[in-house]
Structure formats: structure tokens, C-alpha cells
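**Student:** Here is the input, now give the coordinates:
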Amino acid sequence: MIFRNDFDEMKVKTTDAEINLVHGGSGSPLLLLHGYPQTHVMWHKVAPNLASNYHVICPDLRGYGDSSKPLSTLDHYPYSKRAMAQDMVEVMASLGYTEFLVAGHDRGARVTHRMALDYPERIVKACVMDIAPTYYMFKNTDQHFATGYYHWFFLIQPDGLPEHLISADPDYFLTEKLKRWSAPGAVFVEEAVAEYVRCFSEPESIHASCEDYRAAASIDLKHDEEDIDKKVQCPLLVLWGSKGFVHRTYDVLRVWRDRAKQVKGRALNCGHFLPEEDSAAVCEELYHFFGNT
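**Tutor:** Now for the predicted structure:
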């Protein structure tokens with residue numbers, strides 16, 4: 001176990017999934033949500049530090065890691081951010097929490113955004129890392145975006161095309177993603193990468209992660225359009241990497257101020273994988289933002 005021994009492992013049954021997680025520490029509840037193509041292990045440098053002041057809960061999103069991979073549907077709803085957000089609210093309720101703090105990276109940040117819209121009474125404060133809102137990104141697609149985020153358009157292809165191609169060498173595909181999206185010279189802990197590869201190499205995981213992206217390009221956009229005038233109510237911290245695509249492409253704080261009432265944030269000196277590339281700065285920002293709430 002890459003987390004220190006005082007983190008406990010458990011599984012929680014939600015309405016239509018089983019969520020694998022680790023948790024540890026004491027204090028205000030803090031939910032940490034991972035991104036693609038990773039698992040809860042991506043928080044291994046951050047969670048033990050934060051556990052000094054918070055009860056830190058690190059789950060695998062449905063379809064990822066050792067969480068279940070529910071069967072999908074034609075509209076991809078089982079992998080919508082709404083379904084994933086419901087999982088997380090149910091996980092936190094099972095631990096006794098009706099209100100909590102949350103920070104999400106990448107796909108986990110998109111789940112965090114949806115959760116803040118669907119369950120405003122539950123989220124005390126939220127942090128999203130290295131994303132702009134999904135709806136905004138799709139609506140402002142151009143050649144630059146399609147080149148940098150080609151995987152968004154590759155993974156949504158139907159009839160098992162991306163699944164077949166990724167399955168030919170999932171280890172290569174995953175490690176290439178880590179290399180291409182991180183800053184030059186970034187180093188990932190070997191044990192963590194081995195865990196990512198172990199989980200991602202399962203055919204069910206590859207398919208489920210593609211369904212996540214298919215949902216993002218279809219039913220998630222429908223939900224976003226329905227809520228286009230709804231803003232995140234809780235205080236929102238936005239962090240991103242100064243050496244990454246999001247920094248090069250968007251006026252990040254301006255974009256988020258259109259989608260949330262109280263926004264602050266800054267770029268950190270790293271690429272896409274903030275919690276692994278610059279864990280010290282991430283911890284500092286989260287401590288300062290979440291405080292002793």
C-alpha cells in the first residue's frame with residue numbers, strides 16, 4: 001500500500017456502484033478525487049500531509065481503480081458526472097458526513113464541479129485542479145484545442161475503437177499520457193505508476209474510462225446546458241499548472257468566474273499533475289483555502 005499504514009482501505013456500496021477508497025486522519029472531512037488515467041493513489045504525496053488536520057477520503061471514481069465498472073447505457077448516463085457525483089455524496093454520507101470539503105483533479109475536478117451544482121448544501125468549499133469547465137472547452141473548440149486534447153475526441157469514438165487500440169499496449173498509452181501532460185523532467189513514483197498500470201490494463205477499466213469521456217461529450221453537455229445559468233455557490237479555489245495546456249489556452253480565473261460566485265486561485269510551477277509534480281504547493285494552497293472549516 002503506497003499510502004502510509006494509518007490509512008484504512010474500505011469499499012462502500014452506492015446506489016449502483018461499489019466504490020473503493022482509503023481514508024485517514026481526523027478533523028473536517030476532505031474528499032480528494034483523482035483524474036484520468038489514474039486512481040486514488042495519485043494523492044499519495046498530498047493525503048498523508050493533509051491528514052494531520054483533516055479526515056481525508058480518497059476514493060476511486062466508478063470505472064477506475066478498484067471501484068466497480070457498472071454496465072453503461074446508450075446515453076452513457078452511468079458514467080455521467082451526475083452519476084459519479086451521486087456516488088461521492090453517498091460515500092460521504094456512509095461515513096457520517098452531510099457536509100464536506102472537496103478537491104478534484106482532472107476528471108475528479110469535473111465531478112467536483114457537477115457535485116457543487118447538484119448538491120450545493122453539501123459542499124462547504126471546493127477546489128478544482130487544471131481544468132476549465134467541460135461545456136466551455138467543447139464550445140470553444142478549435143485546432144489548438146483539438147491538437148492538445150486529441151484524447152477527448154479519440155476516446156469518444158464508438159464501437160470499441162479506442163478500447164481495441166489502447167488494449168494493444170495499455171502500459172505504453174498510460175505512461176505516454178503521464179509524460180506528455182507533465183512538465184519536462186517530472187518524475188512519478190514507480191510504485192504509483194505500477195498501480196495505475198495495474199488498474200488501467202483491465203479491459204473493463206479501459207472501456208469504463210472511454211464511457212466517462214463519451215458521457216462528457218453527450219449527456220454531461222445536456223446537463224450543463226440545463227444548468228447554464230446556475231453558478232457554484234460555495235467558495236471555489238482553482239489551481240493549474242503554469243507549464244500545462246490549460247495555462248497556455250485559457251484565462252482560467254475569468255472562465256471560472258462566469259461559473260462560480262466566489263473564485264480565487266493561481267498557477268503552480270508544474271505541468272498537469274499538480275498533486276504529484278508540486279505536492280508541497282498543493283498542500284499549502286489547500287491548507288490556506290480550507291483552513292479549519
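
**Student:** Mind jotting down where the strands sit in this protein?
**Tutor:** Secondary structure of the chain (DSSP state E): strands at 8-13, 18-24, 28-33, 54-59, 100-105, 123-129, 232-241, 260-268.

**Student:** would JSON lines of these with mean neighbour count and distance to E90 be doable?
**Tutor:** C-beta: built from backbone N, CA, C; applies to glycine. Formatted as JSON lines, these follow (neighbours: other Cβ atoms under 10 Å; distance: least, Cβ to Cβ, whole Å):
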{"stretch": "strand 8-13", "mean neighbour count": "14", "distance to E90": "7"}
{"stretch": "strand 18-24", "mean neighbour count": "21", "distance to E90": "8"}
{"stretch": "strand 28-33", "mean neighbour count": "26", "distance to E90": "12"}
{"stretch": "strand 54-59", "mean neighbour count": "26", "distance to E90": "11"}
{"stretch": "strand 100-105", "mean neighbour count": "27", "distance to E90": "12"}
{"stretch": "strand 123-129", "mean neighbour count": "24", "distance to E90": "14"}
{"stretch": "strand 232-241", "mean neighbour count": "22", "distance to E90": "19"}
{"stretch": "strand 260-268", "mean neighbour count": "17", "distance to E90": "24"}
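
**Student:** Tell me which of the ones you listed sits nearest to D66.
**Tutor:** D66 lies closest, by Cβ to Cβ, to one member of those: strand 18-24, at 3.9 Å.

**Student:** Would you agree A267 is in contact with H247?
**Tutor:** Yes: using Cβ atoms under 8 Å, A267 is in contact with H247, at 5.4 Å.

**Student:** Now do the shared contacts for those two.
**Tutor:** 240-241 (Cβ atoms under 8 Å, 6 or more residues apart in numbering).

**Student:** ok, the residue sitting nearest the centre point of the chain to T141 distance?
**Tutor:** With distances taken as Cα atoms, centre = their mean, the residue of the chain nearest its centroid is G108 (1.6 Å). For G108, the distance to T141 (Cβ to Cβ, to the nearest Å) stands at 22 Å.

**Student:** Now do the contacts for the residue nearest to the centre of the chain.
**Tutor:** Applying Cβ under 8 Å, 6+ apart, the residues contacting G108 are 32-35, 61.

**Student:** So which of these is the closest to A281?
**Tutor:** L32 (15.6 Å).
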